[in-house]
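J.: Here's a sequence, model it:
(2 chains)
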Amino acid sequence: MQKSQTLKISLQHAGKTFVSSSGERHIALKAGNLDIYEGEFVCLVGPSGCGKSTVINLMAGFDQPTEGSVQIDGKAVLAPHPDRIMIFQDYGLFPWKTALDNVLFGLKCRGFEAVEAKQKAMAALAGVGLTAYAQRHPHELSGGMKQRVALARALAVEPSVLFMDEPFAALDAFTRLHLQDELLELRKKQKITVIFVTHDLDEAVYLGDRIVLMAPNPGRFENNMPIELPYPRNRTDKQFDHYRKELFEAFDLVHKEAGRKSIEAEELQQGGSGI
Amino acid sequence: MPDKIQKFLFPAVAISLFVLLWQYAASRYSSDLFPAPRNVIEAIRELVEQGRLWKDIGISLLRLTIAYSAAVSCAIPVGLLLGRCQPCLRSIDPLVQLLRPISPIAWFPLAVLWFGIGNAPAIFIIFIAAFFPVLLATITAVRNIPAIYYKVSSNFGAKPAQIFLGIIIPAAFPGIMTGLHIALGTAWIHLVAGEMLGADSGLGYLIIDARNFLRTDMIMAGMLLVGVLGLLLNRLITAGEQLINRQWGITRQQ
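T.: Numbers count the residues shown, from 1 in each chain, chains lettered A, B, ... in the order given. Okay, the predicted model is just below:
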């Protein structure tokens, strides 16, 4: 594990409330604290409407908290920054650019010269096993390949934080397992903090140093669960099963409570945060 | 290859049937009133012999090119601006909606008063005819750019110029292309109208001139030429559009 004791991301009493045009208040994230350390791999899990996407958007600077603060490296996050790259579920690739040009886009934004940018881009594509596909357009690639291109584009600019918002949710099961392993491999090589939003509990136990369980109505942090298993993890391992069981039980509680609470509230709450 | 057969044979059959029907209808009237296909071919041959055919086609295409390029090069920048700038769009939109339903033909009396008979009124009318489809398509295309492109750009720290040239223009391009396609058809239709009213050359003038001499075969020859050229222009721009859509990964049923 690459966990250190240096604080990387810190949510201090951070919350987000939307006010609709009719004046209704919707709490997407109830004010809460969360500390993430350098090199940590943190999975945010929770049922729909628990605010996990809100949290990742606040940390990435795409959104601002309505109370409290979000800090990275001790500085308030006011806008997105190339040192912290977001990976989206639907890839965010530019369809008119080849895989190579997509990776180059990030590097060119960082001001790299053409030759150096190309070297870095090709190295990044090689890192995700896509050297042979550099000249393909996104529509000629499978979903897994597209997400690899997005990953290569992100890693090419050497960010210190990777935000991943349900990155593998749209992929088939086999591709998902492959990409999970590839992500862990890439993380071994590049010292990086990863915040990973998922609703797949197995995925969370397999990937995370720590799982932050969230609950809906209102969206909030519920539970902090360190997964003290060495990598690579074995899904059939007894201890893996232990963590898995623990998480499923905690999730079940959250889920049941959410179900009870949301009977009347659901329609009002929808369209807020989370997926 | 049944698909190939369908693609070429079926239209050939339809056109043949149409010509037969035309021939039949024409046979029931005097050829001065309703010329047969043969008379029209004769008229076209006459145009070729007079050396008028290529001259009229040339001048019409020249007017089209000038007016269409001018309209496109005005409409795209304005559309990009309006698509990106919500307050600008809010302000301008009612004006656009007010001007757009006015048929370009309605501008004709003013166009002739302002510019006299010649190239200018036709060019002016085509300009108006082509301007609005391109403008509206561009605005829509820019507004429909997925938010995720902007998110990714801002995440990597793209500068405004990089976003504009590298993201907005290429992302909007297929949508703009649709506008260019529609506008070309509209422009061609209005070219003929413009030339019928305010010019002394070109295919539209050819038709109106033939009417003045009661040459119905020549009228139809003019109409046929307008149709054939319109078809070719459409084929040309469709090919361009498909090339771009392929490049962008947009597949569209033909």
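J.: Low-confidence regions, the stretch 151-254 of chain B specifically.
T.: Applying pLDDT under 70 to the stretch 151-254 of chain B flags residues B:250-254.
J.: Output the helix or strand harbouring residue A:55 in CSV with nothing but the alpha carbons.
T.: Per DSSP states H and E: residue A:55 is located in helix A:52-60. Presented in CSV, the C-alpha positions along helix A:52-60 are these (Å, rounded to 0.1, in the frame of the first residue of the first chain):
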residue,chain,number,x,y,z
LYS,A,52,-21.2,10.5,-4.1
SER,A,53,-21.1,12.3,-7.5
THR,A,54,-21.6,15.6,-5.7
VAL,A,55,-18.6,14.8,-3.5
ILE,A,56,-16.3,13.9,-6.4
ASN,A,57,-17.4,17.0,-8.3
LEU,A,58,-16.7,19.2,-5.3
MET,A,59,-13.2,17.6,-4.9
ALA,A,60,-12.5,18.0,-8.6
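J.: Whatever helix or strand comes next after that helix relative to helix A:52-60, how many degrees between them?
T.: Using DSSP H and E, the helix or strand that directly follows helix A:52-60 along the chain is strand A:67-72. Between the axes of strand A:67-72 and helix A:52-60, defined by axes from the mean of the first three to the mean of the last three C-alpha atoms, to 10 degrees, the angle is 60 degrees.
J.: and the residue positioned nearest the centre of chain A, bridged to which residues?
T.: The residue lying closest to the centre of chain A (C-alpha atoms, centre = their mean) is residue A:164, at 2.4 Å. Bridge pairing for residue A:164 (DSSP bridges) gives the partners residue A:87, residue A:196.
J.: pretty sure it contacts residue A:87?
T.: Yes. If you go by C-beta atoms under 8 Å, residue A:164 and residue A:87 touch, sitting 4.5 Å apart. Yep, even glycine has a C-beta here, placed from its N, CA and C like the rest.
J.: if I pick residue 229, what's in contact with it?
T.: All of this is about chain A. Neighbouring residues of residue A:229 by C-beta atoms under 8 Å, 6 or more residues apart in numbering or on different chains: A:237, A:239-240, A:243.
J.: right idea, wrong chain: chain B
T.: Applying C-beta under 8 Å, 6+ apart to residue B:229 gives the contacts B:57, B:60-61, B:188, B:203.
J.: what about it, which SS state?
T.: Taking DSSP: H, G, I helix; E, B strand; the rest coil as the rule, one finds residue B:229 in the helix state.
J.: how close does it sit to chain A?
T.: 32 Å (C-beta to the nearest C-beta, to the nearest Å).
J.: Just the helices from the stretch 151-254 of chain B, written as ranges.
T.: B:160-163, B:169-198, B:203-212, B:216-248 (DSSP state H, counting those that start in this stretch).
J.: for the closest residue to chain B within the stretch 1-150 of chain A, what are its contacts?
T.: Closest residue of the stretch 1-150 of chain A to chain B, C-beta to the nearest C-beta: residue A:139 (2.8 Å). Residues in contact with residue A:139 (C-beta under 8 Å, 6+ apart) are A:95, B:249.
J.: and what of the one 3 residues further on?
T.: Residue A:142 sits next to residue A:175 when contact means C-beta under 8 Å, 6+ apart.
J.: all helices of chain A, in order?
T.: A:52-60, A:99-109, A:114-127, A:143-156, A:173-189, A:201-207, A:238-269 (DSSP state H).
J.: Show me which pair in the contacts of residue B:229 is furthest apart.
T.: Across the contacts of residue B:229, the longest distance by C-beta to C-beta is 12.2 Å; it joins B:57 and B:188.
J.: Between those two, which has more neighbouring residues?
T.: Ranked by neighbour count (other C-beta atoms under 10 Å in any protein chain shown), residue B:57 and residue B:188 place residue B:188 first, with 24 against 18.
J.: roughly how far apart are the residue lying closest to the more buried one once chain neighbours are set aside and chain A?
T.: In this structure, residue B:188 finds its nearest non-sequential neighbour in residue B:230, 4.9 Å apart by C-beta to C-beta, 6 or more residues apart in numbering or on different chains. Separation of residue B:230 from chain A (C-beta to the nearest C-beta): 30 Å.
J.: returning to what we had before: neighbouring contacts of the helix holding residue A:55?
T.: A:9, A:11, A:14, A:16, A:28-29, A:34, A:44-46, A:63-65, A:70, A:72, A:77, A:80, A:84, A:86, A:161, A:163, A:165, A:195, A:197, A:214, A:219, A:273-275, B:155.
J.: residue contacts, residue A:76?
T.: Residue A:76 neighbours (C-beta under 8 Å, 6+ apart): A:69-70.
J.: May I have the beta-bridge partners of it?
T.: residue A:71.
J.: Alongside chain B, which residues does chain A contribute?
T.: Proximity of chain A to chain B (C-beta under 8 Å from any C-beta of the partner chain) is limited to residues A:60, A:62, A:79-82, A:84-86, A:88, A:90, A:92, A:94-97, A:105-106, A:108-110, A:137-140, A:157.
J.: If you drop the residues flanking it in sequence, what lies closest to residue B:184?
T.: Nearest non-adjacent residue to residue B:184 (C-beta to C-beta, 6+ apart): residue B:237, at 5.3 Å.
J.: So the one you found is in contact with residue B:180, correct?
T.: Yes. Counting by C-beta under 8 Å, residue B:237 touches residue B:180, with 6.7 Å between them.
J.: higher neighbour count, those two?
T.: Remark: of residue B:237 and residue B:180, residue B:180 carries more neighbours, 24 against 17, as counted by other C-beta under 10 Å.
J.: List the contacts of the more buried one.
T.: Residues in contact with residue B:180 (C-beta under 8 Å, 6+ apart) are B:72, B:134, B:137, B:237, B:241.
J.: if you set the cut-off to 10 Å instead, what comes out?
T.: Counting by C-beta atoms under 10 Å, 6 or more residues apart in numbering or on different chains, residue B:180 touches B:68, B:71-72, B:75-76, B:130, B:133-134, B:137-138, B:173, B:187, B:237, B:240-241.
J.: what about it, distance to residue B:226?
T.: 20 Å (C-beta to C-beta, to the nearest Å).
J.: re earlier: which residues lie in contact with the residue nearest to residue B:184 in this structure?
T.: Counting by C-beta under 10 Å, 6+ apart, residue B:237 touches B:177, B:180-185.
J.: what's the distance between it and residue A:103?
T.: 33 Å.
J.: okay, now residue B:205: neighbour count?
T.: Neighbour tally, residue B:205, other C-beta under 10 Å: 23.
J.: Let me see the contact set for it.
T.: Counted by C-beta under 10 Å, 6+ apart, residue B:205 has contacts B:56, B:59-60, B:117, B:122, B:192, B:194-199, B:222.
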